[in-house]
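> need coordinates for the below:
(chains A, B and C)
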Amino acid sequence: MALITFLTDYGLADSYVAEVKGTLLTRVPSAAIVDITHEIPPGDIRSGAYVLGRAWKTFPEGTVHLAVVDPGVGTARAALAIRSHGHFFVGPDNGLFSYLLTAGPFEAVQLHGVDEAAPTFHGRDLFAPAAARLAMGYPLHMMGEALAGSPVLLGTASPRYEGKTVVGAVVYVDRFGTLVTNLTPEEVPPYAVLVSDDIEIGKLQRTFGDVSSGGLVAYVGSGGLVEIAVRDGSAARRLGIGVGHEVRASLG
Amino acid sequence: MALITFLTDYGLADSYVAEVKGTLLTRVPSAAIVDITHEIPPGDIRSGAYVLGRAWKTFPEGTVHLAVVDPGVGTARAALAIRSHGHFFVGPDNGLFSYLLTAGPFEAVQLHGVDEAAPTFHGRDLFAPAAARLAMGYPLHMMGEALAGSPVLLGTASPRYEGKTVVGAVVYVDRFGTLVTNLTPEEVPPYAVLVSDDIEIGKLQRTFGDVSSGGLVAYVGSGGLVEIAVRDGSAARRLGIGVGHEVRASLG
Amino acid sequence: MALITFLTDYGLADSYVAEVKGTLLTRVPSAAIVDITHEIPPGDIRSGAYVLGRAWKTFPEGTVHLAVVDPGVGTARAALAIRSHGHFFVGPDNGLFSYLLTAGPFEAVQLHGVDEAAPTFHGRDLFAPAAARLAMGYPLHMMGEALAGSPVLLGTASPRYEGKTVVGAVVYVDRFGTLVTNLTPEEVPPYAVLVSDDIEIGKLQRTFGDVSSGGLVAYVGSGGLVEIAVRDGSAARRLGIGVGHEVRASLG
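Below is the predicted model of the structure:
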């Protein structure tokens, strides 16, 4: 059975998500379509890349991931189909696939048919038909030209060292106000003390259950990165910080 | 495989959407149910009609579309099952099906069973069982009486001419703040200049990619109507207008 | 075909819902997954219990209901799998299953594998694999130890009598601002007059269609409990009350 996931910034109020699904199901009636999210803030490629970068890994090999956060629709940006880790990905060449492209080898083609698609709705008219074709087993290399050069990657700054301090940054804030950083457990050993501006968060704990209600806590989150949370509350509100803000780990 | 789409103003926080889906799946276990949206503003039949009027066309023939925006539930309004363009539609007779009913021939019946349904939840108790029956191939004419008279249609004003100006109106505002008008490309030739109040939007472009970021632009949208957008922004906010507001195209 | 419903407080913007679905579909590729809701306010076990308590009943026997509103994830609270009314339920032991556990007999086990799961994402790492196993027919009693003692139940105060008055309370407020009470039709006979603070709502009507637009009305809702609504408006806003607020029925 064909499995297609679907991520966009279309929101859930308009007809757009359904128009894409109708297009997919007209071509692959047996497809199971699973929404990743459609609540990426309009045009926020960086959030889309993070959410996609976590979600795709939980699906079985052969899944087709259709991802459209595409403020440049109708402009000269390329349209991609990608195979990586045994999964397929379809969407615009604007950095949306950064997390997976930097995580392993891939093949990418630039899709045919861009000129025939409605210039404001490539999700429905270009990407959905391409995803449907991949879901039916159509070979990747027949869907477009080999991509000249490499796909666009987001400039995701890695943590840097300042003396005995590792300086990372918040890369995502979730619904619970939890701050996901780009710090890995390798960079934050058990004796390191996390700090945001002048507020000391402390050493890594196992989970937010290790502090009492209202307590501020850092731990290695379910996506493998260091997160900062407030138990039964919002760390984003407590610390007043968001995506891009520095988080430091003092190593001694 | 039975395909059922589902549109309501129930929102996504309560149990109502799931209660309807459980009712459908109890009757048609193999049905694939696709949400169109459940975020129609409460009781906003006009928005529901627009969204349904776009979305259904992308689905294959034989699809059953269950649509419930029904501020008059429990009152004397009729309950409908409709066949049109090879698709089926189930929902209240209040204008929700206006776009498709004016787009081609149809058959409509007034559903049996209204009196036995819980008077506040026809979606679950009346419309879902009817949609399930249609999805299983039950004949339309056996589901109710032929409708006496025609279904309710929304008064959708067509554009009118004032000398050398075509006067249309905004019919929908989407998540991106794009203003969808009731003007068709036939009514707005390439030399026509679009105006909202005193603000000149200019001639039709191909897409919002044709202006720079922050620019105001009109083009023929993916639904076939003239739309007004701000690239990387919101035309609704920029122009301060919404549904029902006039938009003019000056022809010379 | 395996049917799994899914209720959480994860929201729809992050990757969490999709990570759970990917985990389920990797294990049970043919599963149909139906969202109940993911918009339970963060940590609001009481709302989750109410919504789940309504929705599960509409699904066919054998359905597996995965429900995760789990502010205590990673703490000592037990993880449950339950069979009741021919349905299966998986989630934390914190009161989320109160409505169904008080509605009939059940078997419950405390899940194995808690220690191996990521301590912040039991939905993906503990509950989803358990739900997948149940969906594949794995026997309940092999999934964990018989629960010592009874599951946690929410203290849901039943209506009480004060002389000739029944005193109930609001248990849920839906999207339309309708106030759902814990009063049953048995407790509110046709001659009883409903009152909120000093505002008289009147006797039970059949539906909100029985009053004119803007009118305040009480009736037996589609979930079997007395509800208070404003036709084409919000009773929660009109009366300025919410969950926990008293509602009285005067019997003479």
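> would you mind naming what in chain A lies close to chain C?
A:1, A:3, A:5, A:12, A:32, A:34-40, A:50-52, A:54-60, A:63, A:174-176, A:206-210, A:219, A:221-223, A:227, A:232 (C-beta under 8 Å from any C-beta of the partner chain). Quick note: C-beta positions are derived from backbone N, CA and C, even for glycine.
> for ChimeraX, what selects the buried ones among these?
Buried residues within the residues of chain A next to chain C, by 16 or more other C-beta atoms under 10 Å in any protein chain shown, are selected in ChimeraX with:
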select /A:3,5,12,32,34,35,36,37,38,39,40,50,51,52,54,55,56,57,58,59,63,174,175,176,207,208,209,219,221,222,223,227,232
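> near chain B, from the residues of chain A next to chain C?
A:Leu12.
> from the residues of chain A next to chain C, which land in strands?
A:3, A:5, A:32, A:34-37, A:219, A:227 (DSSP state E).
> now for these: which two are most distant?
By the measure C-beta to C-beta, A:Ala32 and A:Tyr219 form the most distant pair in these, at 33.8 Å.
> tell me where the model's unsure across the stretch 101-250 of chain A.
Low-confidence segments of the stretch 101-250 of chain A (pLDDT under 70): A:156.
> how close does A:Glu107 get to chain B?
With distances taken as C-beta to the nearest C-beta, to the nearest Å, A:Glu107 is found 28 Å from chain B.
> which residue packs closest to that residue, ignoring adjacent ones?
A:Arg83 (4.9 Å; C-beta to C-beta, 6 or more residues apart in numbering or on different chains).
> which one of the ones in strands among the residues of chain A next to chain C is nearest to chain C?
Among those, A:Ile36 lies closest to chain C (C-beta to the nearest C-beta), at 4.2 Å.
> contact partners for that closest one?
A:5-7, A:51-52, A:55, A:65, A:67, C:15, C:18 (C-beta atoms under 8 Å, 6 or more residues apart in numbering or on different chains).
> how about 7 Å then?
A:5-7, A:51-52, A:55, C:15, C:18 (C-beta atoms under 7 Å, 6 or more residues apart in numbering or on different chains).
> next one: A:Ser213
Contacts of A:Ser213 (C-beta under 7 Å, 6+ apart): A:231-232.
> do A:Gly11 as well
A:38-39, B:175.
> report pLDDT for it.
pLDDT for A:Gly11: 97.
> spatially nearest residue to A:Gly91 (excluding sequence neighbours)?
Here the residue nearest A:Gly91, using C-beta to C-beta, 6+ apart, is A:Ala67, at 4.1 Å.
> quickly find the element holding the residue of chain A found nearest chain B.
Proximity of chain A to chain B (C-beta to the nearest C-beta) peaks at A:Gly22, 3.0 Å away. Secondary structure assignment for A:Gly22, by DSSP states H and E: helix A:16-27.
> what helices or strands is that helix leaning on?
For helix A:16-27, the packing partners by 3 or more C-beta pairs under 7 Å, 6 or more residues apart in numbering or on different chains; DSSP states H and E come out as strand A:3-8, helix A:128-135, strand B:32-37, helix B:45-55.
> which two in the contacts of A:Ile36 are spaced the farthest apart?
Going by C-beta to C-beta, the pair spanning the contacts of A:Ile36 furthest: A:Phe6 and C:Ser15, at 13.1 Å.
> let's verify A:Leu100: helix, strand, or coil?
helix (DSSP: H, G, I helix; E, B strand; the rest coil).
> how about it: what's its closest non-neighbour residue?
Per C-beta to C-beta, 6+ apart, closest to A:Leu100 is A:Ser84, 5.5 Å.
> for that neighbour, give the beta-bridge partners.
Assessed by DSSP bridges, A:Ser84 has beta-bridge partners A:His87, A:Phe106.
> that one contacts A:Phe106, correct?
Yes - with contacts counted by C-beta atoms under 7 Å, A:Ser84 reaches A:Phe106, the gap being 3.7 Å.
> now A:Ile228: closest residue in space that isn't a chain neighbour?
A:Leu179 (4.4 Å).
> and that neighbour, how many neighbours?
29 (other C-beta atoms under 10 Å in any protein chain shown).
> quick one: contacts for it?
So A:Leu179 contacts A:170, A:173, A:227-228, A:235-236, A:241 (C-beta under 7 Å, 6+ apart).
> OK, contacts around A:Leu3?
A:Leu3 is in contact with A:32, A:34, A:59-60, A:63, C:25, counting by C-beta under 7 Å, 6+ apart.
> ugh, typo on my part, it should be A:Phe121
Going by C-beta under 7 Å, 6+ apart, A:Phe121 touches B:Ser222.
> which residues touch the closest residue to chain C within the stretch 51-200 of chain A?
The nearest approach of the stretch 51-200 of chain A to chain C comes at A:Thr58, 3.0 Å away (C-beta to the nearest C-beta). Contact analysis of A:Thr58 by C-beta under 7 Å, 6+ apart lists C:19, C:22-23, C:26.
> please identify which helix or strand holds A:Ala118.
Judged by DSSP H and E, A:Ala118 forms part of no helix or strand.
> compute the inter-axis angle for the strand or helix carrying A:Val167 and helix A:45-55.
Per DSSP H and E: A:Val167 is located in strand A:165-173. Between strand A:165-173 and helix A:45-55, the angle comes out at 90 degrees (axes from the mean of the first three to the mean of the last three C-alpha atoms, to 10 degrees).
> after strand A:165-173, next one along is what?
Following strand A:165-173 in sequence, per DSSP H and E, is strand A:179-181.
> partners of that following strand in the sheet?
strand A:165-173 (antiparallel), strand A:226-230 (antiparallel).
> so how far is A:Leu3 from the closest residue to A:Gly144 other than its chain neighbours?
Spatial nearest neighbour of A:Gly144, chain neighbours left out: A:Val109 (3.7 Å); criterion: C-beta to C-beta, 6+ apart. A:Val109 sits 21 Å away from A:Leu3, going by C-beta to C-beta, to the nearest Å.
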